[in-house]
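[1] Got a predicted structure plus its sequence, pasted below:
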Amino acid sequence: MTTDSSHDLQIFSKPLPSESTSVLMGFPGSGLVGTIALQYMVDQLEFELAGTMTSRYFPPLAMMNKGVINDPVRLYMKNDIAAIVADIPIHPMICYEISNGILDWLVPFKPKEVLTIAGIVTNEPEKRVFGVATTPDALKRIEDHTEILPIGSISGIASSILTGCKIRGIPAYGLLGETVNAPDPRSSAATIEVLNKMYNLGLDVKPLLEQAEEIEQSMHKLSEEVQQSTDTTPKKDLPMYG
């Protein structure tokens, strides 16, 4: 078990299994794309829970499942893949500290590459996966599996991780799933299909797509209930301007 308390980030974890380890990261953001995708991956492929991390910067929030508390940020491992999965959002003001704390812990293990998954909000329903990389050579690894973003910007913890990797000379990639501002398993499934091609996972996304239908039905029902509530609310006379 290794520990690191630099940058006000404490990491308690087994070491990475080898210098050829690929490290995948998913933090909550638009559509919860990265969190949903990687938690589904580690559950379905039975990754080992190998570590956790905590910080005074993290919000005081813990998720639970069947009465059992989850560590807010978890590290899983299987074969030559490690996955960092978070349930808590990382505020923009602390992205620098958290990303540097994670990467400074990773560097001595000489990871093969780092990949982050996030969401990108568009007005289209296609669920495309856009790709970015830290170098032209790294871009070749994903250009056949994603739509390469020609220009633009990335924000949040994903941008801090990618920038930190570029500075440290670690090949890194960003998968940006096309999404909306609601939990979006369909977008997560699209990013998993890219992971299948990159890492030969053979992961079936059908159960995730079924979950997407349930979420969409729930959201539609909620929308109808809100609309009905709005329609039945007595309207008061309002002043008019013009």
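    Sure, I can see it. It should be emphasised that the depicted structure is a prediction, and the values quoted were computed from it without experimental measurement.
[2] and the residue nearest to P92 when sequence neighbours are not counted, what is it in contact with?
    Among residues not flanking P92 along the chain, G156 sits closest, at 6.7 Å (C-beta to C-beta, 6 or more residues apart in numbering). C-beta coordinates here come from the backbone N, C-alpha and C atoms, glycine included. Counting by C-beta atoms under 8 Å, 6 or more residues apart in numbering, G156 makes contact with F27, G29, I90, P92, C95, A118.
[3] Same check on G34?
    Counting by C-beta under 8 Å, 6+ apart, G34 touches M25, G26, F27, P28, T116, I117, A118, G119, A158, S188, T191.
[4] The second one contacts L115, doesn't it?
    The one in question is G26. No. Taking contacts as C-beta atoms under 8 Å, G26 lies outside contact range of L115: 9.5 Å.
[5] In the chain, what helix or strand scores lowest on average pLDDT?
    Least confident element among the helices and strands of the chain, by mean pLDDT, DSSP states H and E: strand 2-4 (a mean of 56).
[6] After that one, which helix or strand is next? Please name it.
    Remark: after strand 2-4, the chain's next helix or strand is strand 9-13, criterion DSSP states H and E.
[7] That following strand pairs with which strands, parallel or anti?
    The strands that strand 9-13 pairs with in its sheet are strand 2-4 (antiparallel), strand 48-55 (antiparallel) (by DSSP bridges).
[8] In JSON lines, list those along with distance to N79 and mean neighbour count.
    Converted to JSON lines, these look like this (distance: least, C-beta to C-beta, whole Å; neighbours: other C-beta atoms under 10 Å):
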{"stretch": "strand 2-4", "distance to N79": "19", "mean neighbour count": "14"}
{"stretch": "strand 48-55", "distance to N79": "10", "mean neighbour count": "17"}
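[9] could I get those as JSON lines with distance to E19?
    Shown next, in JSON lines, are the strands paired with strand 9-13 (distance: least, C-beta to C-beta, whole Å):
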{"stretch": "strand 2-4", "distance to E19": "15"}
{"stretch": "strand 48-55", "distance to E19": "17"}
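[10] where among those strands is the average confidence lowest?
    Among the strands paired with strand 9-13, strand 2-4 carries the lowest mean pLDDT, at a mean of 56.
[11] still on that earlier bit, if I look at G26 and L115, which residues touch both of them?
    Common neighbours of G26 and L115 (C-beta under 8 Å, 6+ apart) do not exist.
[12] low-confidence ranges in this protein?
    Along the chain, the parts satisfying pLDDT under 70 run over 1-7, 216, 218-242.
[13] can you rerun that using 80?
    By pLDDT under 80, the weakly predicted segments of the chain are 1-7, 62-65, 123, 152, 181, 214-242.
[14] Please, where are all the strands along it?
    Here the chain has its strands, by DSSP state E, at 2-4, 9-13, 22-26, 48-55, 64-65, 68-69, 73-78, 81-86, 113-121, 129-133, 147-148, 172-179.
[15] Next, the buried residues of the longest one.
    Residues of strand 113-121 classed as buried by neighbour count (16 or more other C-beta atoms under 10 Å): E113, V114, L115, T116, I117, A118, G119, I120.
[16] so the third one sits right up against A37, yeah?
    No. Using C-beta under 8 Å, L115 is not in contact with A37; the gap is 10.9 Å.
[17] Alright, I will stop here.
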